[in-house]
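[1] Provided below are the primary sequence and the corresponding predicted coordinates.
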Amino acid sequence: IAKNLRSGILDFQDLVLKDDKEVEEILCQYPGVGKWSAEMIMIFGLKRKDIISFGDFGVRSGIKKVYNLDSLSKKEFKEIKSRLSPYGTIASLYFWQAHMKE
């Protein structure tokens, strides 16, 4: 990704104009980049405000702590995510911090 950014093949300014799904599809074409990596690039590189990654262990762990859950299904995750929109990224950071607390 870095090589393509430097050479101009990939342009973050172009990615900014695309929706989350389109960005994910573009980034996941690169070897070693999956959904989680694409979501982290959207959070930290593109500053997207509504990203919560089911693939992030820390986020899932934090959700379980905050909501006092023993487990977290994908359906439960999607329900929580929808309630937090459009501030999912901020919530992700809080969930990750909650995961770090004992």
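    Great, that's in hand.
[2] hmm, Cys28 is touching Trp36, no?
    No - in this structure Cys28 lies outside contact range of Trp36 using C-beta atoms under 8 Å: 10.2 Å. (Each C-beta comes from the backbone N, C-alpha and C, glycine too.)
[3] host element of the residue most central in space within the chain?
    By C-alpha atoms, centre = their mean, the mean C-alpha position of the chain lies nearest to Glu39, the distance being 3.4 Å. Using DSSP states H and E, Glu39 maps to helix 35-40.
[4] I'd like the average pLDDT over the helix or strand following that helix.
    Using DSSP H and E, the helix or strand that follows helix 35-40 in sequence is helix 57-66. On average, the pLDDT along helix 57-66 is 97.
[5] buried ones in helix 57-66?
    Across helix 57-66, burial judged by 16 or more other C-beta atoms under 10 Å covers Val59, Arg60, Ser61, Gly62, Ile63, Lys64.
[6] residues touching that helix, excluding its own?
    52-54, 69-72, 77, 80, 92, 94-101 (C-beta atoms under 8 Å, 6 or more residues apart in numbering).
[7] of these, which belong to strands?
    Per DSSP state E, strands hold no members of the contacts of helix 57-66.
[8] any idea how far the worst-scoring helix or strand of the chain on mean pLDDT is from the chain center?
    Lowest mean confidence among the helices and strands of the chain (mean pLDDT, DSSP states H and E): helix 2-7, at a mean of 88. Centroid separation for helix 2-7 versus its chain: 22 Å, with C-alpha atoms, centre = their mean, to the nearest Å.
[9] same question, stretch 52-71
    Computed by C-alpha atoms, centre = their mean, the chain-centroid distance of stretch 52-71 equals 13 Å.
[10] now that stretch - C-alpha only, PDB.
    What follows is stretch 52-71, C-alpha atoms only, in PDB (Å, rounded to 0.1, in the frame of the first residue of the first chain):
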ATOM      1  CA  ILE A  52     -16.600  -0.400  14.600                       C
ATOM      2  CA  SER A  53     -14.600  -3.600  13.700                       C
ATOM      3  CA  PHE A  54     -16.200  -6.900  14.700                       C
ATOM      4  CA  GLY A  55     -12.800  -8.400  13.800                       C
ATOM      5  CA  ASP A  56     -11.000  -6.400  16.500                       C
ATOM      6  CA  PHE A  57     -10.700  -8.600  19.700                       C
ATOM      7  CA  GLY A  58     -10.200  -5.500  21.900                       C
ATOM      8  CA  VAL A  59     -13.400  -3.900  20.600                       C
ATOM      9  CA  ARG A  60     -15.400  -7.100  21.100                       C
ATOM     10  CA  SER A  61     -13.900  -7.600  24.600                       C
ATOM     11  CA  GLY A  62     -14.700  -4.000  25.500                       C
ATOM     12  CA  ILE A  63     -18.300  -4.300  24.300                       C
ATOM     13  CA  LYS A  64     -18.700  -7.400  26.400                       C
ATOM     14  CA  LYS A  65     -17.400  -5.600  29.500                       C
ATOM     15  CA  VAL A  66     -19.500  -2.400  28.900                       C
ATOM     16  CA  TYR A  67     -22.700  -4.400  28.300                       C
ATOM     17  CA  ASN A  68     -21.900  -7.100  30.800                       C
ATOM     18  CA  LEU A  69     -22.100  -9.900  28.200                       C
ATOM     19  CA  ASP A  70     -20.600 -13.400  28.400                       C
ATOM     20  CA  SER A  71     -20.500 -13.600  24.600                       C
END
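[11] this completes my enquiry, with thanks.
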